[in-house]
Each structure stands twice: as C-alpha cells, then as structure tokens.
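> Please find the sequence and the predicted model below.
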Amino acid sequence: MTGAAIIGALAVWAAGWWVNARLAASAAAGTRAVQLAVPAIFGLTLLIMWELLVRMLEVSPIILPPPTMIAERFADEIPTLWADFQQTIIKGAMTGYIVGGLAAFAIAIIADRSDFLTRGILPVGGFMAALPIVGIAPIFVRWLGSDWQSKAAVVAVMVFFPILVNTVAGLRDTTAMQRDLMRTYGAGYWQTLFKLRLPAAMPFIFNGLKIGTTLALIGAIVAEFFGSPTVGMGFRISTSVGQLAMDMVWAEIVVAALAGSAFYGLIAWIEGRVTFWHPSQRK
Amino acid sequence: MKSVLPILTVVAAILAFWVLAVIPMNMHLTADQAQRDGLVVTPETPVERQAYTGLGLTLQNTGLISRTYTLERPRLPSPHQVGAEMWDTIFEKRITSRRSLIYHGWVTLSATLVGFAIGTGLGILLAVGIVYNRAMDMSVMPWAIASQTIPILALAPMIIVMLGSIGIQGLFPKAVISAYLSFFPVVVGMVKGLRSPDAMQMDLLRTYNASGSQGFWKLRLPASVPYLFASLKIGISASLVGAIVAELPTGARAGFGARMLVGDQYGQPLVTWAALFAAAITAAALVGFFSLIERLTLRRMGMRAA
C-alpha cells in the first residue's frame, strides 16, 4: 500500500512536470495563458499528490487533512470565516494599516523640512523596521483590551517604520536640476512638494505600502494569539489547533492567503494607476 | 559619520517621549498605591479617578509624578526599569538559570540559526534550479513571489502541533518555521542575483569559450553576492520573528517568546519588556553581523551593495 501510494504520487508528479516542461519549451511559452497555466498546473499537481498520499497512507487528519476535506470545511464554515475575516482583516489590519500609514506619512512630511532630522530618521527607522516588533502584541493587548483596537495598534506600529523610511527616502529622490527648474518657475515649498517631490516619491511610498500589507496581516493575526474576543482568524487558528481541528486551521490559512494576495493586489493596482509614468510600470 | 548627531537626536527624542509617556500611563496605578500608603490623592476614590484620563489625573496630582517611575508592576515601565531588569537577568544570573535571559536567548537563537541555515541552503539550491530550468522557473517562481504577500507566519502554531503529534518537539519545529520564513526571500533574491549579469557579460564569457559551469562559478555566482546579502538580512530577521512567534501559542517553557508570555500572564511587565528588548538587540546584532560580513566581502570583491 505504501509502495503503491508513493508510486502513484510520483506518477502524478511526473505527469504534471512533463506537461509543464512541454509547455515551457513550446513556442507559446511567452503567452499570458501559458504563463498562468504553468504555475496553476504545478499547484494542482502538488494538491493531487497531497490528497493521494494522505488518503492512501491513511495519515490522521489531526496531522494533515487532505485538500478535499479542507475545501469541504471551508464551504461549511463560510459564515464563521467571514466573521473572522471582518474582525481580523477589516477591523484589525485595515484600521491599523490606515492609521499607521497616515502617521508615517505625516511624520515624513514634517521631518522632510529638516535635512538634519531626515538623516537621523532614515537609519533609525530602517533599524526599527528590522526588529521583531510583533513582540509588542502582549503589551498592547493588556493596554487596549482584547478587542480589535489592540490589534489595530500593533499593526499601526508594525507598518509605521517601513512606510516612514520609504516616504522619507522617496522625498529625497529628486535631482538638484529638477528642484532648480521648480525654483525658476517661482514655485514655493508646497507647490514643489505637491507637483514635483510627492509624485517623484510615489514609487518609494508604494514600495513601503506593499511591504506593509503582509506585515499588517501578520500583526493582526499574531496579536490575537495573546487574547481576543471569541472571533477572529488568530483566535480561530489557536483554538482550532487546541481542538486538533486542522481542517479549520487550513481553512483560515486559505482565507489569510486570499486576503493577503487581494490586499497586495489592491495596493499594486493603485500603484499602477498612480505611477503609470514610472519605467517599472511600462508594459 | 556625519549622521551620528542626527541619529542620536532622533533616539533621544524617542527616549524623551517614552519617559514622558510613563507619567500619564502609570498615574492611575500610582494614585491607588499612594492612597494605600496614606498620601492625599485628588479625587479621593478610585471610581472617581476612573473618570479622568491619565493626563488629567496627573495635573491634579503633580506631587505624585516621581512615584510613577518606581512602580513594581507598571503599565509602562520607564527605560531605567527595563534597563535594570535586563542587567539583572543578563549579567547577574547564572546562564543555566531559568531566569537568565542568556539562557532563553540561546533557546530562541539556536532554533533561529538552524532554521536559517536550512532555509538559506535550500533557497539557494532552488534559485539555481529556477535559473537553469525554464519549466521550474515558470512553475515555482510565481508561487515564491506570491508567498511574500501571504502571512505564512500564521502556519506556525499548526506546524508545532503537527510535528508534535508525530513526536518531534523542542528545537526542530521552531527551526522549520524559521527555515520556511527565510527560504522565500532567499529564493526571490538569489534568482534576481543569478540573473543580474547582463547580455554583454554573458557574451564575453562565450567569446572566452567558457563552459556552463564556468559561467556559473565565475560570473553568475559572484554577481549574485550583493543580492544574497540583501536577502540574508531580510531572512535572518524573519527567522528570528518566526522562532519567537513559534514559542507563543504553544506553551513553550523557554525562549524569548515564552518569556514574553510568562511576563504577560503573571502580571510582570518588566519581564515582558526585558524579553522584548533582548529580542530586539538580538535581531539588531544578527542584522549588524551580516551587514559587516557584507561590507567586508563586497569590498574584497570590489562590488557595491545591491
């Protein structure tokens, strides 16, 4: 039985790989359809192997549930998953992301007026962004209670530093020639800021915003491990792990993956609209 | 070196903000304590005081300000309290003691380093595969990039339990989490680095009649070094966060994460804060170490950072 399972899984792998190798070597490899199909086939191959191995080797669902079981659980629990999504992503992560982003942006604009402050903020902010800030979660849960406010606060602090550093760096990214041109036009500080320096900083700012999307979800989910009302993705993950309901944990992870990709995709889409002039956005 | 003064100014501003924030944050606790000690507090009952904000209460009781810095269990400890707790648990305790931060730090750090080494090694191997195999590139690369937008850290509690139920405990489950967190940044960075030589450089090697492996060892690999270091710095801090978070929801008894949780559950904020800062110092030291190696290596190779 074990041998048959492994041979079956290898056969699935070989078939998937053969199709992908043919597709990658074919003349159509450059087309968009093939570029989407190849990773999709790869993902599907892994899922089928997973299903096959778990079913045939009779792995306990406590260790690893098969994908079909996760999908079933996902479909059954949509109301719960939706409530968790709203609590963690909409209330916790989004609120914190917006507050942290606006705060970072405001500080960057203020600090930008002083070259002295900028030179201090860049290294300190970069240093802070590398620290395990998520560790403040227990402290914030104690201060602000277990509902979404404490999660939003953790998220705000986590996204603050990457966005701050990128905004400050972006605002410095104009050449002396460009600033001189604005001066010859008789532009004041604010006109230069809005018409030259902020647009020029946008690729940097969006870079910070994109780094922030993943951090926001991590902060909101991990902070719930320290205390939360009886709803939320982090709460559901930690309690389901405790009940050994691994299919539910996987269902939450699917939600987290979808939310993370969608959030990132949204920011990247806005970036494309705002910085359409930048070389990196040219088609 | 001209940035030293600005950096010190920003750090001093953050410290000053912290020191000032201690007063209103701790005022309610201080007022309760002062009343028990027989001092005059306005307003007189705790219920009335709840109506005030921390700042409002401070303005009513300016005499109590100095006491906000000496609470045993403050809401927000002052920098000197955290510093004293860290000094005590790092230098004054034997490193085998359960209260020693060195002991807890080593538990977390060893898992981090093992996981980081595994993740980086596998990441480099996969990157080489992706660069040389088109099917692999098209199949795997989109997933590696997508993984960067997904909070894969959320898998941590499950991996601990999953490995625990097949009898694997201790360092290894945490290392697995550290490994996969450092794996994806290394893959993405190394693929970029191995592809960084331009067509002109590749053509030059062809005119030298260089073989494929010579092209790899003498051009692609050296060219990828700046990208590798950029990824290593991201990977090591992700690994450390992974090891800490892995200790949180699973009732681990040792490690920075366990220490934070203990401080939180037993109402000892100083323990939590000391563990938090020790973790921050560890992260800074690890990133600083790789920056140093990066600078030395790149200088020797005559390259610039990516």
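Looks like it arrived, so ask away. Numbers count the residues shown, from 1 in each chain, chains lettered A, B, ... in the order given.
> alpha carbons only for contacts and neighbour counts from here, please
OK.
> May I ask which helix or strand encompasses the closest residue to B:Ile160 other than its chain neighbours?
The shortest distance from B:Ile160 to any residue that is not its chain neighbour, by CA to CA, 6 or more residues apart in numbering or on different chains, is 5.5 Å, and that residue is B:Pro173. Secondary structure from DSSP states H and E places B:Pro173 in helix B:171-194.
> Distance from the chain centre to that helix, please.
Relative to its parent chain, helix B:171-194 has a centroid offset of 15 Å by CA atoms, centre = their mean, to the nearest Å.
> Next, report how far the helix or strand that that helix is followed by is displaced from the centre of its chain.
Helices and strands here follow DSSP H and E; after helix B:171-194, the next one along the chain is helix B:199-207. Taking CA atoms, centre = their mean, one finds helix B:199-207 lying 41 Å from the centre of the chain it belongs to.
> Next, count neighbours for the residue in the stretch 101-250 of chain A positioned nearest to chain B.
Scanning the stretch 101-250 of chain A for proximity to chain B using CA to the nearest CA identifies A:Gly120 as nearest, at 4.0 Å. Around A:Gly120 there are 20 other residues, counting by other CA atoms under 10 Å in any protein chain shown.
> same question, the one 5 residues further on
Burial of A:Gly125 is recorded as 20 neighbouring residues (other CA under 10 Å).
> Surely B:Ile150 is in contact with A:Ala256?
Yes: because the distance of 6.9 Å satisfies CA atoms under 8 Å, B:Ile150 is recorded as touching A:Ala256.
> Quick one: the helices in chain A, in order.
Ranges of helices within chain A are A:2-25, A:32-56, A:67-76, A:78-85, A:95-111, A:115-129, A:137-144, A:148-171, A:176-184, A:189-192, A:198-223, A:233-242, A:246-274, based on DSSP state H.
> actually the stretch 1-150 of chain B, sorry about that
For the stretch 1-150 of chain B, applying DSSP state H, counting those that start in this stretch gives helices covering B:4-36, B:46-50, B:54-60, B:79-91, B:101-132, B:134-147.
> So, low pLDDT: which residues of the chain?
Because you didn't say which chain, this covers chain A. Counting by pLDDT under 70, the ranges of chain A that qualify are A:1, A:283.
> wrong chain, I was asking about chain B
Across chain B, residues meeting the criterion (pLDDT under 70) sit at B:1, B:249-252, B:306.
> domains in it, as residue ranges please.
Split into domains by automatic domain parsing, chain B comes to B:4-76, B:101-301.
> Check the ones you listed for me and report the most buried one.
Relative to the other members of these, domain B:101-301 carries the highest mean neighbour count by mean count of other CA atoms under 10 Å in any protein chain shown, namely a mean of 20.
> Can you tell me which residues in the stretch 101-250 of chain B are near chain A?
B:134-135, B:138-140, B:142-143, B:146, B:148-155, B:157-158, B:161-163, B:165-166, B:234, B:237, B:240-241, B:245, B:248-249 (CA under 8 Å from any CA of the partner chain).
> before we move on, the earlier item: tell me what the helix holding B:Pro173 is packed against?
Counting contacts by 3 or more CA pairs under 8 Å, 6 or more residues apart in numbering or on different chains; DSSP states H and E, helix B:171-194 is packed against helix B:101-132, helix B:134-147, helix B:156-165, helix B:221-247.
> Just put those helices in CSV and tack on distance to A:Ala4.
Conversion of the helices and strands packed on helix B:171-194 to CSV gives the following (distance: least, CA to CA, whole Å):
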stretch, distance to A:Ala4
helix B:101-132, 28
helix B:134-147, 26
helix B:156-165, 25
helix B:221-247, 36
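> what sits up against stretch A:117-137?
Taking CA atoms under 8 Å, 6 or more residues apart in numbering or on different chains as the criterion, the residues outside stretch A:117-137 that touch it are A:111-112, A:150-151, A:154, A:157-158, A:161-162, A:164-165, A:168-169, A:219, A:222-223, A:226, B:3-11, B:234, B:237, B:240-241, B:257, B:260, B:276, B:279-280, B:283-284, B:287.
> at 7 Å what do you get?
In this structure, residues lying in contact with stretch A:117-137 by CA atoms under 7 Å, 6 or more residues apart in numbering or on different chains are A:111-112, A:154, A:158, A:161-162, A:165, A:168, A:219, A:223, B:3, B:6-7, B:10, B:237, B:241, B:276, B:280, B:283-284.
> what residues does stretch B:169-184 touch?
Applying CA under 7 Å, 6+ apart, the external contacts of stretch B:169-184 come out as B:111-112, B:114-116, B:118-120, B:122-123, B:144, B:156, B:159-160, B:163, B:235-236, B:238-240, B:242-243, B:246.
> can you check stretch B:277-289 too?
Counting by CA under 7 Å, 6+ apart, the neighbours of stretch B:277-289 from elsewhere in the structure are A:Leu131, A:Pro132, B:Lys233, B:Ser237, B:Leu240, B:Phe256.
> Close to chain B: what parts of the stretch 151-283 of chain A are there?
Proximity of the stretch 151-283 of chain A to chain B is confined to A:Thr214, A:Leu217, A:Ile218, A:Phe225, A:Ser238, A:Val241, A:Ile253, A:Ala256, A:Ala257, A:Gly260, A:Ser261, A:Tyr264 under the rule CA under 7 Å from any CA of the partner chain.
> Burial check on the residue lying closest to B:Ser3 once chain neighbours are set aside, number of neighbours?
Counting by CA to CA, 6+ apart, the nearest residue to B:Ser3 once its immediate chain neighbours are dropped is A:Arg119, at 6.0 Å. By the criterion of other CA under 10 Å, A:Arg119 has 21 neighbours.
> cool, the one 4 residues further on as well?
Number of residues near A:Pro123 (other CA under 10 Å) recorded here: 17.
> Could you dump the contacts of stretch B:277-289 into JSON lines and include distance to B:Ala31?
As requested, the contacts of stretch B:277-289 are arranged in JSON lines below (distance: CA to CA, whole Å):
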{"residue": "A:Leu131", "distance to B:Ala31": "35"}
{"residue": "A:Pro132", "distance to B:Ala31": "34"}
{"residue": "B:Lys233", "distance to B:Ala31": "46"}
{"residue": "B:Ser237", "distance to B:Ala31": "41"}
{"residue": "B:Leu240", "distance to B:Ala31": "39"}
{"residue": "B:Phe256", "distance to B:Ala31": "32"}
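> Find the pair from those residues with maximum spatial separation.
Spatially, the most separated pair among the contacts of stretch B:277-289 is B:Lys233 and B:Phe256, at 20.2 Å (CA to CA).
> Tell me how many other residues surround A:Lys151.
Residues contacting A:Lys151 under the criterion other CA under 10 Å number 33.
> so what's it up against?
Counting by CA under 7 Å, 6+ apart, A:Lys151 touches A:Gly92, A:Ala220, A:Ala223.
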